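Asker: sequence isn't available, so here's the structure alone:
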């Protein structure tokens, strides 16, 4: 099995796979999508995680998140929501050690109970009951 970190697959991206780019980042489709049009926003500078982004890189990535979101909504009217997230560190599930942000389109009925959304990274914490105060 080829190591995606040696060389880094995000540093050597195929230009044909890029949907949008700016000075500091680009967006493309995820190679192992959770849902149709699952996309990645990737800073061009090789840094390990989100917390190392400069202010300019954060702004650039956010611009691409919004452009990519609009592209997805224009191409697929069944998309009714999104999950947006990043994995920072191996214990958080990061397997490619170059910062990247996931933009995952969600559709009505794509899972039985979507409650908790990103909380499902720890399965037992996804579904919860609010207590009345």
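Answerer: Perfect, I can see it now. Computed from a prediction, not measured in an experiment: that's the story for all the values here.

Asker: starting at the chain centroid, how far to stretch 43-62?
Answerer: Between the centre of stretch 43-62 and the centre of its chain there are 13 Å (Cα atoms, centre = their mean, to the nearest Å).

Asker: quick one: residue 67 from residue 41, how far?
Answerer: Per Cβ to Cβ, to the nearest Å, residue 67 is found 9 Å from residue 41. Where you see a C-beta, it was placed from the backbone N, CA and C, and this is true even at glycine.

Asker: okay, these two: which has more neighbours?
Answerer: residue 41 (26 against 16; other Cβ atoms under 10 Å).

Asker: how about that one, secondary structure?
Answerer: strand (DSSP: H, G, I helix; E, B strand; the rest coil).

Asker: burial count for the nearest residue to it once chain neighbours are set aside?
Answerer: What sits nearest to residue 41 in space, not counting adjacent residues and going by Cβ to Cβ, 6 or more residues apart in numbering, is residue 101, at 4.3 Å. Per other Cβ under 10 Å, the neighbour tally for residue 101 reads 22.

Asker: residue 25 now?
Answerer: Residue 25 has 27 neighbours, counted by other Cβ under 10 Å.

Asker: for it, give me the backbone phi and psi.
Answerer: Phi and psi for residue 25, reported as degrees, to the nearest 10, are phi -160, psi 170.

Asker: is it true that it touches residue 67?
Answerer: No. Here residue 25 lies out of contact with residue 67, judged by Cβ atoms under 8 Å, at a distance of 10.6 Å.

Asker: where does this structure dip in pLDDT?
Answerer: Along the chain, segments meeting pLDDT under 70 span 119-130, 133.

Asker: do a quick rundown of the strands in it.
Answerer: Here the chain has its strands, by DSSP state E, at 18-21, 25-29, 39-43, 79-85, 101-107.

Asker: looking at these, spot the one closest to residue 60.
Answerer: The closest of the strands of the chain to residue 60 is strand 25-29. By Cβ to Cβ, the value is 4.7 Å.

Asker: coming back round to it: got the strands of the chain as TSV, with distance to residue 3 columns?
Answerer: TSV is the format used below for those (distance: least, Cβ to Cβ, whole Å):
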stretch	distance to residue 3
strand 18-21	22
strand 25-29	20
strand 39-43	18
strand 79-85	24
strand 101-107	21
